[in-house]
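Colleague: quick one: sequence and predicted model below, then my questions.
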Amino acid sequence: MPFTFPHPRLLEKVIARLFALLCFSLLLLGCQPTAEDNSLQRALSNNDIAGFQRALNPRTFAFPQDHAAHPGYKNEWWYFTGNLNSTEGRRFGYQVTFFRIALTPEMTERKSAWATDHVWMAHTAITDIDAGQHWHDERFSREAAGLAGNSSMPLRVWLDDWQLLANGDKFPWQLDINTAHFSLALTINPDKKVVLQGEQGLSRKSSEPGNASYYYAITRLATSGTIRIGAESYPVTGASWLDREWGTSLLAPDQQGWDWFSLQFHSGEEMMLYQLRKKDGSIDANSQGSWISPLSNKTTIRPEHITLTPLDWWRAPNGANYPIRWRIKLNATPAAPAKEWVVQAAVPKQWMNTSIKYWEGAVIIFDAKGKQELGRGYLEMTGY
């Protein structure tokens, strides 16, 4: 078949995406890791941070303004996960994440429509729990020629036709994702208030000043809409979780990766935990979490309060072993008795075989004996 030169607009998009992928690859240059996510560790470390703002002290948050981007910082993301049920009771998990990566610390005057100060990446996945299947996709783009970016009032975050769109300056928000094999069209509305994680929203990831992010979450959002897998569409309802973080350097050189849990209990409570693992196998003292009451009141969980024990593992095609079943023990404190759960992957193979590889997927919360379901959630694991 003779080669047909593509339409100029299509060619522009292809070139822009290739350039974005090149820019992102350059951010991770020199990363042929011993652990698969070493590239992610480098991207979130304190290399090439001159001129960027850093998360050093607690700040005052303002909404809806802080739902939009913070371009003075190097890294930022809008992270949605959720567990949904179809009208027939079929269970699904989903993930949608928009990443903004700054190339320069300050906005520069653009002399070309293709000039840009930011590269965008987006990841998405659906887990069909009852079928035991997991699908994922990713995209890259420059923030140029309208291909990707964000705006405020109303909030909009997009990469091509993948987008998060607000209703003026208020909720509900609309999440629209379309890939060749699956799509999401979801409406999300908070059931609970914003929670400032860490120290009034300052989440320290290592002992070095500035290795931190500004971090807030909405730990339960009522969610409804439609999921499509192949040619089949499913009306769905359920609960989502939003994590918002921005900063310039997060990880220290001696840190390998993390295990991050977002757990929604049927009781109306939530728990967020992240365990930062060092290269020597120890757990960093800056690991932490929070317990959220039904009224959105937060109690901080420190490393001495929690014990995480892997119980079962899944081996990825690249050889990385991920713990997919955990025992979580919340130790007794003067304010609360000890609690214990078993958290296991709803489907073992929820591996994100993307440019940066990691495990992210839906989990089920059981009682200490692993028999009674107490809730559902999501788990992300890197650095294995």
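Modeller: Thanks, I have the structure now.
Colleague: okay, how far is it across stretch 104-123, tip to tip?
Modeller: End-to-end span of stretch 104-123 (CA to CA, to the nearest Å): 23 Å.
Colleague: again with stretch 340-360
Modeller: Across stretch 340-360, the terminal residues are separated by 22 Å (CA to CA).
Colleague: dump the residue contacts of the residue sitting nearest the centre point of the chain.
Modeller: With distances taken as CA atoms, centre = their mean, the residue of the chain nearest its centroid is residue 79 (3.9 Å). Counting by CB atoms under 8 Å, 6 or more residues apart in numbering, residue 79 touches 95, 97, 242-245. For every residue, glycine as well, the C-beta is placed using N, CA and C.
Colleague: among the residues you listed, which one sits closest to residue 328?
Modeller: Of all the contacts of residue 79, residue 243 has the smallest distance to residue 328: 18.7 Å, by CB to CB.
Colleague: excluding chain neighbours, what is closest to residue 101?
Modeller: residue 119 (4.8 Å; CB to CB, 6 or more residues apart in numbering).
Colleague: model confidence at that neighbour, what's the number?
Modeller: On pLDDT, residue 119 comes in at 92.
Colleague: one more: the one 5 residues further on?
Modeller: Predicted confidence (pLDDT) at residue 124: the value is 98.
Colleague: neighbours of residue 60, how many?
Modeller: Residues lying near residue 60 (other CB atoms under 10 Å) number 7.
Colleague: what backbone torsions are found at it?
Modeller: phi -90, psi 120 (degrees, to the nearest 10).
Colleague: the stretch 1-150 of the chain: strands as residue ranges?
Modeller: 75-86, 91-102, 118-128, 133-142, 148-151 (DSSP state E, counting those that start in this stretch).
Colleague: if we look at the last one, which residues are touching it?
Modeller: Applying CB under 8 Å, 6+ apart, the external contacts of strand 148-151 come out as 20, 68-69, 100, 118, 120, 141-143, 156-160.
Colleague: what's the farthest-apart pair in those?
Modeller: The widest separation within the contacts of strand 148-151 (CB to CB) is 20.9 Å, between 20 and 68.
Colleague: more neighbours: those two, which one.
Modeller: residue 20 (25 against 19).
Colleague: circling back: how close does the residue nearest to residue 101 get to residue 53?
Modeller: Going from residue 119 to residue 53 by CB to CB, to the nearest Å gives 18 Å.
Colleague: these two: who's more crowded?
Modeller: Taking other CB under 10 Å, residue 119 and residue 53 do not tie; residue 119 has more neighbours (24 against 18).
Colleague: these two touch, right, that one and residue 143?
Modeller: Yes: contact criterion CB atoms under 8 Å: residue 119 and residue 143 qualify, at 7.1 Å.
Colleague: quick check: neighbours shared by the two?
Modeller: Listed as contacting both residue 119 and residue 143 by CB under 8 Å, 6+ apart are residue 100.
Colleague: now the contacts of strand 148-151: which count as buried?
Modeller: 20, 68-69, 100, 118, 120, 141-143, 156-160 (16 or more other CB atoms under 10 Å).
Colleague: quick check: phi and psi on residue 305?
Modeller: Torsion angles, degrees, to the nearest 10, at residue 305: phi -90, psi -20.
Colleague: since that was my last question, I'll sign off now.
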